[in-house]
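# Provide a 3D model corresponding to the input given below.
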Amino acid sequence: MSEAQIYFEEFKALSDQVTVRFEELNAAQSELDKALSRAYHELERISVDFSPDEGYEHSKRIKTILHRRRAVKDELVRIQPMYDLLNKNVGKVEADYVRRVEKGDAMKKSLGCPITVEEAMREWID
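Residues are numbered from 1 along each chain as shown. Below is the predicted model of the structure:
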């Protein structure tokens, strides 16, 4: 496997990893938004005369959800530029790479070029 092919495979793997993580973070943020909404609705439903202890527990629960949401959102914001770049370009890079490999292979075959780049570099350096 050539270095170019290794780089290409690593590029695709990185794109897949970033996409999976982006989707996980998006799902987590959505679930935390739902949890926050449920907590607010629960607070609306209870009596106006809830005890200080109940008020403290509700505010503590909401604060915990908000802290978790902030941590997820912060990571989502950080990964977004990589996700956008990779998502927009992985298809173009793959198509271009495949086209160039096919063209290079056809050229080498038509010229009867029997050596690999590793062999060429080794012979050149020796």
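
# from residue 94, how far off is the closest residue to residue 2 other than its chain neighbours?
Counting by CB to CB, 6 or more residues apart in numbering, residue 117 is the residue found nearest to residue 2 once chain neighbours are left out, at 5.9 Å. To be clear about C-beta, it is placed using only N, CA and C from the backbone, and glycine gets the same treatment. Using CB to CB, to the nearest Å, one obtains 21 Å as the distance from residue 117 to residue 94.

# more neighbours: these two, which one.
Taking neighbours as other CB atoms under 10 Å, residue 117 and residue 94 compare with residue 94 leading, 14 against 10.

# how about the contacts made by that one?
When contacts are counted by CB atoms under 8 Å, 6 or more residues apart in numbering, residue 94 is found next to 8, 12.

# against residue 1, how distant is it?
Using CB to CB, we find residue 94 at a distance of 16 Å from residue 1.

# do the same with residue 18
Relative to residue 1, residue 18 is positioned 23 Å away (criterion: CB to CB).

# more crowded one of the two?
The residue with more neighbours, out of residue 18 and residue 1 and counting by other CB under 10 Å, is residue 18; that gives 19 against 7.

# and the residue nearest the centre of the chain, what's its pLDDT?
In the chain, the residue lying closest to the centroid (CA atoms, centre = their mean) is residue 18, at 1.8 Å. With respect to pLDDT, residue 18 has a value of 98.
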